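Trainee: What would the 3D arrangement of this be:
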Amino acid sequence: MMKGIEDFQKLGQSNLDATMKLFGEFTKGWQAIAAEMSDYTKRSFEDGSQTLEKLMGAKSLEQAVDIQSKYVKRSYDDYMHQLAKVGSMYAELAKEAYRPMEKMMRVGR
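Mentor: Below you'll find the model as predicted:
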């Protein structure tokens with residue numbers, strides 16, 4: 001009888017440890033994603049501000065169109081790169097968060 005209770009307590013402790021690890025990994029992942037998005041937003045704002053300054057100093061319509069075209073291309077490329085980067089961060093977060101649950105499932109069998 002005592003052996004069953006001890007096993008049940010060990011399983012409960014193991015599950016609690018796995019859950020706490022899951023929350024820790026999940027929190028770290030979200031913090032990394034938030035920091036990355038914050039950095040991207042800052043870079044994007046700075047680039048937009050610099051482009052606006054260049055546009056204000058444009059000497060001709062052709063120069064203004066060139067500045068704007070380069071900005072749009074650069075913004076699009078940066079956005080697509082950021083999208084891929086954050087997407088991989090989400091995928092890694094999901095994998096890391098699932099690992100403790102996977103281990104818990106194996107122990108339960």
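Trainee: Let me see the mean pLDDT of the host helix or strand of Glu92.
Mentor: Glu92 is part of helix 61-108, with elements assigned from DSSP states H and E. Averaged over helix 61-108, pLDDT sits at 88.
Trainee: For the residue most central in space within the chain, give its distance to Leu93.
Mentor: For the chain, the residue nearest the mean C-alpha position is Ile33 (2.7 Å; C-alpha atoms, centre = their mean). Distance of Ile33 to Leu93, given as C-beta to C-beta, to the nearest Å: 7 Å. For the C-beta atoms, the positions are set from N, CA and C on the backbone; glycine is no exception.
Trainee: Give me the longest helix you can find in the chain.
Mentor: helix 2-56 (DSSP state H).
Trainee: So which other helices or strands are in contact with it?
Mentor: helix 61-108 (3 or more C-beta pairs under 8 Å, 6 or more residues apart in numbering; DSSP states H and E).
Trainee: check contacts around Thr51.
Mentor: Ile67, Gln68, Tyr71 (C-beta atoms under 8 Å, 6 or more residues apart in numbering).
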